[in-house]
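[1] How does the following fold in three dimensions:
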Amino acid sequence: MRSDNIKKGVARTPHRSLLMATGVSKKNMNSPFIGIASSFSDLVPGHIGMRDLERQIEKGIHSGGGQAFIFGVPAVCDGIAMGHEGMRYSLPSRDLIADCIETVANAHQLDGLVLLSNCDKITPGMLIAAARINIPTIIVTAGPMLDGESKCEKLTMIRGAFESVGKYRDGVINEKRLLELEEASCPSAGACQGMYTANTMACLTEIMGMSLPFCSTSAAVSSLKRRIAFESGIQIVELVRKNLLPSEIITKDSLRNAIIADLALGGSTNSFLHILALANAAGVDVTLKDFEELSEKIHQIVKLEPSSTITMTGFHNAGGISAVEKVLLDGVKDFKDLKGVTLKKTSELVKDAYIDKSVIHEYSEPFTTKPGLGILYGNISPEGSVIKISAVDESCYEFKGKAKTFNSEEDAMKALENNKIKEGDVIVIRYEGPKGGPGMREMLAPTSLLVGKGLGTKAALITDGRFSGGTRGICVGHICPEAASGGVIALIEDGDIIEISINKRSLNLLVDDKTLEERRKNLKPYTPKIKSGYLAKYARTVQDASHGAIV
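    Below is the predicted model of the structure:
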């Protein structure tokens with residue numbers, strides 16, 4: 001065992017003495033040492049229930065014959081960090097989490113890991129760590145939140161809370177109703193209820209084979225989740241004994257399976273960043289070209305919140321990821337039959353899967369033959385940009401409008417709040433990319449306000465920042481190159497005509513090249529917004545979004 005490096009031989013007497021100080025018995029000194037990396041936090045709704053899940057995992061590890069050690073890693077709630085300076089730390093926290101887990105696991109020579117995750121950047125950070133460290137690993141995602149309800153109105157964090165701000169400002173609801181929605185939208189522990197980034201990444205983790213069946217969709221407060229946590233503890237000891245490594249699970253085939261599932265589910269645009277970063281950590285040749293290739297041919301078979309009113313609760317009851325895997329195995333040639341942490345092939349796991357066909361369509365009868373996500377190219381985004389097609393009304397697949405430019409999210413919010421954005425406008429939010437932000441903030445606040453004000457199909461928003469998985473409307477993000485790197489988005493002026501075509505997969509500024517060259521001559525060099533601390537270091541080392549914003 002790898003842990004023999006800290007516990008075997010006379011020279012390791014001091015090490016054993018210190019381990020005994022933690023409570024390890026002489027008998028368990030010979031057991032596999034399993035780390036439980038827990039992202040428990042009282043600050044993050046998706047993580048507040050993890051103390052119970054830690055106990056279940058720990059019980060499972062000891063029942064399986066291992067010795068468990070719990071250690072903590074950071075967690076950021078994107079919803080709470082949204083709309084202010086705090087969001088700059090969200091994406092950078094992904095790489096910080098990976099560094100923390102790598103440091104603890106390697107410093108203490110652990111034999112295996114159970115990674116307890118849930119929210120947006122924590123799950124991809126843990127996947128990156130698993131790929132880097134490459135010791136037997138299982139991921140337990142803590143699960144989605146229960147649906148909200150008020151006066152028989154079904155609610156989610158997006159529709160019940162974020163979009164209600166726009167409705168209130170537009171006079172659609174009064175203050176009393178606003179406060180009722182505020183109180184009822186997030187009724188329990190768990191990741192926010194729709195196919196936003198947290199639940200998208202949980203589903204893709206299960207698709208890749210890094211978590212047990214139904215882990216991604218079982219509710220955070222359910223007994224099923226507790227049992228999955230316990231079984232994950234037992235299973236990790238088995239994986240250590242068999243020495244099944246993440247490098248045997250996180251492969252080109254499993255990452256392409258994740259992309260296919262993401263497109264079929266209409267998942268979060270942030271998955272592009274995270275899959276590319278994971279591929280880099282795993283040394284796997286998956287690039288934006290894989291997304292582009294697959295996005296042209298994969299049909300969308302599921303529509304969940306924010307694209308519909310069905311939440312993760314409804315998706316789980318309809319069969320969850322097992323049902324989706326069965327449909328994709330039967331209908332998509334590119335979707336491979338692989339083994340993961342269960343040690344069984346997907347086909348064996350899902351052969352008797354229940355499928356509610358009103359929620360999870362047969363591949364031959366999709367909701368749409370258009371994928372859930374798309375890559376747009378053009379003179380604004382020669383290196384790519386991303387749109388969540390599943391969250392755009394089909395009447396808006398071709399959109400042309402006048403640019404209104406803003407050099408920060410805050411400036412765009414002021415314009416929206418003061419009714420300066422009108423039908424036919426294209427909001428341009430720039431200098432919010434990985435380098436320029438720094439940290440590539442999510443734009444859920446302005447996109448939600450846009451929808452809440454009734455402009456979701458009448459105005460568009462483009463940015464070198466990114467969006468929440470809960471964003472809906474004509475919203476294009478991840479524009480590369482970003483403004484801070486001299487991208488064309490930095491050259492756009494108020495009144496310029498911008499053309500967005502989902503059908504052609506294009507994003508273009510209708511300004512001639514000569515004019516753009518003149519503007520470039522007058523473009524001032526980018527001045528970093530943050531001069532010290534973690535974000536300054538991040539800005540100096542981060543790559544662009546088309547490479548996963550890796551550092």
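[2] Tell me how far the nearest residue to residue 12 once chain neighbours are set aside lies from residue 13.
    The spatial neighbour of residue 12 that comes closest, neighbours along the chain excluded (C-beta to C-beta, 6 or more residues apart in numbering), is residue 6 at 6.3 Å. C-beta here means a position set from N, CA and C on the backbone, and glycine is covered the same way. Taking C-beta to C-beta, to the nearest Å as the measure, residue 6 and residue 13 are separated by 11 Å.
[3] who's more crowded, those two?
    residue 6 (16 against 9; other C-beta atoms under 10 Å).
[4] contacting residues for the more buried one?
    Counting by C-beta atoms under 8 Å, 6 or more residues apart in numbering, residue 6 touches 12, 15, 19, 108, 109.
[5] Just those residues: which are in helices?
    When DSSP state H defines the helices, the subset of those inside them is 15, 19.
[6] Among the contacts of residue 6, which one is most surrounded by other residues?
    Ranked by neighbours (other C-beta under 10 Å), those are led by residue 19, which has 21 neighbours.
[7] for this protein, what's the longest strand?
    Taking DSSP state E as the criterion, the chain has its longest strand at strand 398-406.
[8] tell me the mean pLDDT for whichever helix or strand comes after that strand?
    Beyond strand 398-406 in the direction of the C-terminus, DSSP states H and E gives the next helix or strand as helix 409-417. For helix 409-417, the per-residue pLDDT values average out at 94.
[9] Check which helices and strands helix 409-417 is in contact with.
    The criterion is 3 or more C-beta pairs under 8 Å, 6 or more residues apart in numbering; DSSP states H and E, and the helices and strands that helix 409-417 contacts are strand 398-406, strand 425-429, helix 444-452.
[10] mind saving the C-alpha coords of that helix as CSV?
    Extracted as CSV, the C-alpha positions of helix 409-417 are listed here (Å, rounded to 0.1, in the frame of the first residue of the first chain):
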residue,chain,number,x,y,z
GLU,A,409,-21.1,43.5,-14.9
GLU,A,410,-21.9,46.3,-12.4
ASP,A,411,-22.3,48.9,-15.2
ALA,A,412,-24.5,46.6,-17.1
MET,A,413,-26.7,46.0,-14.0
LYS,A,414,-27.2,49.7,-13.5
ALA,A,415,-28.3,50.1,-17.1
LEU,A,416,-30.8,47.2,-16.7
GLU,A,417,-32.1,48.5,-13.4
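[11] Tell me the buried residues in that helix?
    Counting neighbours by 16 or more other C-beta atoms under 10 Å, one finds that the buried residues in helix 409-417 are 409, 412, 413, 415, 416.
[12] which residue ranges form the strands in the protein?
    When secondary structure is read from DSSP E, the chain shows strands at 33-38, 67-72, 112-117, 137-141, 148-150, 153-155, 374-376, 385-387, 398-406, 425-429, 460-463, 474-477, 497-501, 506-509.
[13] Ok, which of those comes nearest residue 207?
    Each of these was scored for nearness to residue 207 using C-beta to C-beta, and the closest is strand 137-141 (11.9 Å).
[14] how much does that closest one deviate in direction from strand 33-38?
    30 degrees (axes from the mean of the first three to the mean of the last three C-alpha atoms, to 10 degrees).
[15] Just the CA trace of strand 137-141, in CSV.
    Listed next in CSV are the C-alpha coordinates belonging to strand 137-141 (Å, rounded to 0.1, in the frame of the first residue of the first chain):
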residue,chain,number,x,y,z
THR,A,137,-11.1,7.6,-5.9
ILE,A,138,-14.9,7.8,-5.7
ILE,A,139,-16.8,11.1,-5.8
VAL,A,140,-20.0,11.5,-3.7
THR,A,141,-22.1,14.5,-4.8
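[16] Geometrically speaking, which residue is the centre of the protein?
    The centroid of the chain falls nearest to residue 197 when counting by C-alpha atoms, centre = their mean (3.4 Å).
[17] so what's that residue scoring on pLDDT?
    As summarised for this prediction, residue 197 has a pLDDT of 92.
[18] go on, the one 3 residues further on?
    Residue 200 carries a pLDDT value of 96.
[19] In space, what's closest to it - neighbours in sequence excluded?
    Nearest residue to residue 200 in three dimensions, chain neighbours excluded: residue 267, at 3.7 Å (C-beta to C-beta, 6+ apart).
[20] cool, residue 35 as well?
    Among residues not flanking residue 35 along the chain, residue 110 sits closest, at 4.3 Å (C-beta to C-beta, 6+ apart).
[21] check contacts around the one you found.
    Residues touching residue 110, when contacts are defined by C-beta under 8 Å, 6+ apart, comprise 2, 3, 33, 34, 35, 69, 104, 135.
[22] Most neighbours of all the residues you listed, which one?
    When neighbours are counted by other C-beta under 10 Å, residue 34 leads the contacts of residue 110 with 31 neighbours.
[23] okay but that one is in contact with residue 105, surely?
    No - checked against C-beta atoms under 8 Å, the pair residue 34 and residue 105 is beyond contact range at 10.3 Å.
[24] so what sits against both of those two?
    When contacts are counted by C-beta under 8 Å, 6+ apart, the set common to residue 34 and residue 105 consists of residue 113.
[25] rewinding a little: adding mean pLDDT and distance to residue 185, write the strands of the chain out as CSV.
    Conversion of the strands of the chain to CSV gives the following (pLDDT from 0 to 100; distance: least, C-beta to C-beta, whole Å):
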stretch, mean pLDDT, distance to residue 185
strand 33-38, 98, 26
strand 67-72, 98, 28
strand 112-117, 98, 23
strand 137-141, 98, 21
strand 148-150, 95, 4
strand 153-155, 92, 5
strand 374-376, 92, 29
strand 385-387, 92, 26
strand 398-406, 97, 28
strand 425-429, 97, 25
strand 460-463, 96, 23
strand 474-477, 94, 21
strand 497-501, 98, 30
strand 506-509, 98, 33
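[26] Kindly compare burial across those strands and name the winner.
    Most buried of those by mean neighbour count (mean count of other C-beta atoms under 10 Å) is strand 137-141; its value is a mean of 31.
[27] circling back: which one of the strands of the chain lies nearest to residue 313?
    With C-beta to C-beta, the closest approach to residue 313 among the strands of the chain belongs to strand 153-155: 9.9 Å.
[28] From residue 314, how far out is residue 189?
    Between residue 189 and residue 314 the computed distance is 19 Å (C-beta to C-beta).
[29] Comparing these two, which shows the higher neighbour count?
    Between residue 189 and residue 314, counting by other C-beta under 10 Å, residue 189 is the more crowded of the two (22 against 19).
[30] partners of the residue nearest to residue 461 when sequence neighbours are not counted in the sheet?
    Leaving out its chain neighbours, the residue that sits closest to residue 461 by C-beta to C-beta, 6+ apart is residue 427, at 4.3 Å. Following DSSP bridges, residue 427 is listed with bridge partners residue 404, residue 461.
[31] Low-confidence ranges, the stretch 251-400 of the chain, go.
    When the per-residue scores of the stretch 251-400 of the chain are filtered using pLDDT under 70, no range remains.
[32] ok, which stretches of it are helices?
    Secondary structure of the stretch 251-400 of the chain by DSSP state H, counting those that start in this stretch: the helices cover 252-265, 270-282, 288-295, 312-317, 320-331, 346-350.
[33] helices and strands around the first one, which ones?
    With contacts defined as 3+ C-beta pairs under 8 Å, 6+ apart, the secondary structure elements packing on helix 252-265 are helix 197-208, helix 270-282, helix 288-295, helix 320-331.
[34] got the CA positions of the second one in CSV?
    Output of helix 270-282 as CSV, limited to C-alpha atoms (Å, rounded to 0.1, in the frame of the first residue of the first chain):
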residue,chain,number,x,y,z
ASN,A,270,-19.7,25.9,-17.6
SER,A,271,-19.2,22.1,-18.3
PHE,A,272,-17.1,23.1,-21.3
LEU,A,273,-14.6,24.8,-19.1
HIS,A,274,-14.5,22.0,-16.6
ILE,A,275,-14.2,19.1,-19.1
LEU,A,276,-11.4,20.8,-20.9
ALA,A,277,-9.6,21.4,-17.6
LEU,A,278,-10.1,17.8,-16.6
ALA,A,279,-8.8,16.5,-19.9
ASN,A,280,-5.7,18.6,-19.4
ALA,A,281,-5.2,17.2,-15.8
ALA,A,282,-5.7,13.7,-17.1
